[in-house]
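Everything below, folded, please.
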Amino acid sequence: MGWVDVKTNDDFVRARRQALVAGLFDLLNRRSNDLLSFEEVRSRLNIRGQRYIGHQIVPVDRIIGSEGRYSDFDRRFLPRKDSVKNRWRSVDKAHYEDVILPPVELYKIDDVYFVKDGNHRVSVARQQGQLELDAYVTELFVDVPLSADMSAHDLMLKEEYSDFLEWTNLHRLRPEQRIEFTELGGYLDLVRHINAHRYYMGLERKQEIDRDEAVAHWYDTVYMPIIKVIREQNVLEHFPGRTEADLYRWIMDHRWYLRESTGEDPGPYTATMDYTSTFGRKGLAEIVGNVFEQVRSLFPWFNDEQSDKKT
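Below you'll find the model as predicted:
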């Protein structure tokens, strides 16, 4: 066995070991370790068309799925099965012998890629520390943003987002929109909000309201005023891991509660700030201050000692 054979065998054994360790690590962190299936992604999202864009230089870390071999490799394109060993080692051997292999073939959806042909080449490239690959690329057009850290759960959210945009036409009415949730069901709530808004617009104007008009009016006069307050007051800092759309959803429920309690609509600013003060994560200074006040109320003598120190 020559040195190249020894080296490629060691590389594969190391890659398999890394796949096992990475799988255990992801399991402990309750994180998916699976490559995304291109067919599943394509079936869940509304594809508006496609075009062949030819030869491209593609970042390896943006290749997150495969058309047909997504069960043979993990999310880092580490080999999951010994059955891929021979093909994997032959590609690795070409790397050491400076043999130029043909470009891989990829599908591009938004900012991420899926392998049509060349899974072993992608796997070896990542194992060898390559940052980019030559590829022939076919691009598919969607209306929702995709990212390299997208999980299967995220894909379900993207499916809801895609369906929401198809129904509302909001991506064409307001191209700058970016409405993303961290929990399923959010977009269905937005549809209910829009339908209710359309109904009350019709009552006010005493006429049937076109759906596009209702969607745009809801976005401009209901959704964005709350988002503006969220941004201006840095409200997201009090809700780590959440999005503007998450907060809009909860603040609207809180706004309804306040209106039922007081008999009048508090408006976007008051509703947002009241929700934040009630449910947002407190800052360290505020937490310490609250604890201090509780100590003072429980131990009256503590107040006397503090007064003596000041005098």
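
secondary structure element for the residue nearest to Leu36 when sequence neighbours are not counted?
Counting by Cβ to Cβ, 6 or more residues apart in numbering, Gly65 is the residue found nearest to Leu36 once chain neighbours are left out, at 3.4 Å. All C-beta atoms are positioned from the backbone trio N, CA, C, and that covers glycine. Gly65 is part of strand 63-66 when elements are defined by DSSP states H and E.

ok, now which ones touch the residue nearest to Leu36?
Leu35, Leu36, Ser37, Phe38, Val41, Val112, Tyr113, Phe114, Val115 (Cβ atoms under 8 Å, 6 or more residues apart in numbering).

Can you tell me how far the third one is from Leu155?
When Cβ to Cβ, to the nearest Å is applied, the distance between Ser37 and Leu155 equals 9 Å.

Over to the fourth one?
Distance check for Phe38 against Leu155: by Cβ to Cβ, it reads 11 Å.

neighbour count winner among the two?
Neighbour tally, Phe38 and Leu155, criterion other Cβ atoms under 10 Å: the higher count belongs to Phe38, 22 against 17.

Could I get the contacting residues of that one?
Gly65, Ser66, Glu67, Tyr70, Tyr107, Phe114, Val115, Lys116.

Check it and give its pLDDT.
Looking at Phe38, its pLDDT is 95.

For it, what are phi and psi?
With angles defined as degrees, to the nearest 10, Phe38 shows backbone torsions of phi -60, psi -40.

Strands - which of the contacts of Gly65 land there?
Under the assignment DSSP state E, these contribute Leu36, Ser37, Val112, Tyr113, Phe114, Val115 to strands.

residue ranges of the strands in the protein, please?
36-37, 49-59, 63-66, 104-109, 112-117, 132-141.

Which secondary structure elements does the first one sit against?
Using 3 or more Cβ pairs under 8 Å, 6 or more residues apart in numbering; DSSP states H and E as the contact criterion, the elements in contact with strand 36-37 are strand 63-66.

again with the longest one
Other helices and strands packing on strand 49-59, by 3+ Cβ pairs under 8 Å, 6+ apart, are strand 104-109, strand 132-141.

Nearest to Ile194 among those would be which one?
strand 132-141 (24.8 Å; Cβ to Cβ).

which residues touch the closest one?
Outside strand 132-141, the residues that touch it by Cβ under 8 Å, 6+ apart are 42, 47-60, 63, 103-109, 113, 116, 118, 121-122, 125.

any weak-confidence spans in the stretch 201-311 of the chain?
Applying pLDDT under 70 to the stretch 201-311 of the chain picks out residues 283-311.

which stretches of it form helices?
Here the stretch 201-311 of the chain has its helices, by DSSP state H, counting those that start in this stretch, at 211-218, 224-232, 244-262, 267-279, 284-298, 300-310.

how about the longest helix anywhere in the chain: buried residues?
Longest helix in the chain by number of residues (criterion: DSSP state H): helix 3-28. Buried residues in helix 3-28, defined by neighbour count with 16 or more other Cβ atoms under 10 Å: Thr8, Asp11, Phe12, Ala15, Arg16, Ala19, Gly23, Asp26.

Apart from its chain neighbours, what residue comes closest to the fifth one?
Spatially, and ignoring its direct neighbours in sequence, Arg16 is nearest to Pro79 (5.9 Å; Cβ to Cβ, 6+ apart).

next one: the second one
Distances taken as Cβ to Cβ, 6+ apart put Asp92 closest to Asp11, at 5.3 Å, once the chain neighbours are dropped.

Go ahead and confirm that neighbour touches Thr8.
Yes: Asp92 lies in contact with Thr8 (Cβ atoms under 8 Å); the separation is 4.3 Å.

average model confidence for stretch 166-178?
On average, stretch 166-178 scores 96.

which neighbours does the strand holding Gly65 have in its sheet, and in what orientation?
strand 36-37 (parallel), strand 112-117 (parallel) (DSSP bridges).
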